[in-house]
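starting from these lines, generate the structure:
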Amino acid sequence: ADCYSDYLKCDCCDVCCDHNTHQCFQDNQDNPDDSGAKLQENQTYDSTDTIARTIEIKQKIESEVLQRGATFYEIDFDDPRYLALEWILNQDEMRVPSDAPNLVQRYVLALIAFSLDSEEWGDDELFPSWMSGEDECTWYNVSCFEGRVLALQMNEYSLKGFIPPEIGRLESLALIQLQQNSLHGTIPQELVELPFLMGLDLSWNNLTGIIPENIGHANVLEILSLQGNELNGTLPNGLFELTNLKYLFLGDNGFSGSISDDIDQLANLRQLTVSENPMAGTIPSALGLCKHLEFLNI
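I've put the predicted structure just below:
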């Protein structure tokens, strides 16, 4: 479909709908104002309520969820963000209204599923409940408290794909475990902006790029495991601002540079691994001030 910017595009039926009048047009016409483009009056495309719900949900997700200035008009139909929208609107048996308190997190979980190639999960008994009409808090390895997602634990399932930046809209997330899969792409900066994130394990994947510069914003983080990826660059200064950090595993990557003299700021550090990286320099004496350190592999 190639719909005008003021119209809602649809991949299932070559039809565009005017946001204001709710009139629908065949999108293969040069001009939606042409009389021949308008659907016949006795040809029902959808009820006014359904069209209104579609528009309201689309607008809410665009304004509250999509990151980095993205809009659905610019997004391809096979993009996970659009596939998740299509699922929410037309396939989800729960059929959440636009004002549902769980709309955002249900959309984000659907987006995560599409981003991790959920269409290839098939009948895998590990994920029988994902993308079902059931409450998303009952989906496999999704943990909630009072209806808000607190943990995603999907490790060792050969998942493919990437972590969408919209994961940052699951604002109650405290634990993310996606280790030992086949994830690619970078670590989204939105991920480390989560205010309650205490544990992040992305080890043994195929992630590339750097540790986000804003890692210091994850100030309640206690466990950070990124080992066994293809990450590079130097260790960002923000990493040494994580005063609650207890376990830091960065081995088997491509990190360069040296360990900062600010390592002593990690006063609660118990285990540290930075081996199998092309790092240089000396071991900082400040490391000796980490009084709780029990295990060191450099």
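
OK, contacts around the closest residue in space to Pro97 that isn't next to it in sequence?
Of all residues not flanking Pro97 in the chain, Arg53 sits nearest, at 6.5 Å (Cβ to Cβ, 6 or more residues apart in numbering). For the C-beta atoms, the positions are set from N, CA and C on the backbone; glycine is no exception. Arg53 sits next to Leu89, Pro97, Ser98 when contact means Cβ atoms under 8 Å, 6 or more residues apart in numbering.

and stretch 219-231, what's buried?
Leu221, Glu222, Ile223, Leu224, Ser225, Leu226, Gln227, Gly228, Asn229, Leu231 (16 or more other Cβ atoms under 10 Å).

over to stretch 147-167?
149-152, 154-155, 157, 159, 161-167.

same check, this time on stretch 240-257
Neighbour count says stretch 240-257 has 240-242, 245-253, 255 buried, by 16+ other Cβ under 10 Å.

need these in JSON lines with secondary structure, can you?
Formatted as JSON lines, these follow (DSSP: H, G, I helix; E, B strand; the rest coil):
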{"residue": "Phe240", "secondary structure": "helix"}
{"residue": "Glu241", "secondary structure": "helix"}
{"residue": "Leu242", "secondary structure": "coil"}
{"residue": "Leu245", "secondary structure": "coil"}
{"residue": "Lys246", "secondary structure": "coil"}
{"residue": "Tyr247", "secondary structure": "strand"}
{"residue": "Leu248", "secondary structure": "strand"}
{"residue": "Phe249", "secondary structure": "strand"}
{"residue": "Leu250", "secondary structure": "coil"}
{"residue": "Gly251", "secondary structure": "coil"}
{"residue": "Asp252", "secondary structure": "coil"}
{"residue": "Asn253", "secondary structure": "coil"}
{"residue": "Phe255", "secondary structure": "strand"}
